[in-house]
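> Build me a structure from this.
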Amino acid sequence: MSRVDFYILKQSGPVPRQSFACRLAEKAYRLEHTVHIHAGTPADAERIDELLWTFRDGSFVPHDLISPDNAKTVAPVTIGYDPTNVEGRDLLINLADEVPACAEAFSRVAELVTADEDCKQQSRLRFIEYRDRGHTLETHNV
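Numbers count the residues shown, from 1 in each chain. Coordinates of the predicted model:
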């Protein structure tokens, strides 16, 4: 079973969530872990792809945007939106509203929760689903 960490952010909106995902991916990469960032839509995946180049001056996070037709890569960080075509990695950062089907293939999962009421409600449902599947759950106020 995976360990699932819920990171509770004080800010609202998608930008703080996406920025924190980039910081978390960078930290994991520097610790030599492989990462997959699961976005809810193709447009969200493209935004994360662009943000990984610009979220912090001087940062470098080698990454690759994968699609259902092109999931094979050697990049340490991948970004995608199709949960059925993802190879297991060290860390899954979930930015979608639901628990992705690929979550079981990861030893660690990061769920990012903003102060938006809708985001909090969706994360509560994911928390219940992970708990009911027997995962170890941790909560961190950021």
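> State whether Thr139 is indeed within a strand.
Yes - with the criterion set as DSSP: H, G, I helix; E, B strand; the rest coil, the secondary structure at Thr139 is a strand.
> if I look at it, how far off is Trp53?
31 Å (CB to CB, to the nearest Å). For every residue, glycine as well, the C-beta is placed using N, CA and C.
> Pull out the buried residues from the one helix or strand Cys119 maps to.
Assigning secondary structure by DSSP states H and E places Cys119 in helix 117-132. Across helix 117-132, burial judged by 16 or more other CB atoms under 10 Å covers Cys119, Gln122, Ser123, Arg126, Phe127, Tyr130.
> now Asn141, nearest residue through space, not along the chain?
Nearest residue to Asn141 in three dimensions, chain neighbours excluded: Ile8, at 4.9 Å (CB to CB, 6 or more residues apart in numbering).
> Give me the phi and psi angles of the one you found.
In this entry, Ile8 is assigned phi and psi values of phi -90, psi 110 (degrees, to the nearest 10).
> just to revisit the earlier point, to the chain's geometric centre, what's the distance from the helix holding Cys119?
15 Å (CA atoms, centre = their mean, to the nearest Å).
> ranges for the strands of this protein?
Counting by DSSP state E, one finds strands in the chain at the ranges 3-8, 35-38, 63-65, 77-80, 91-94, 108-113, 136-141.
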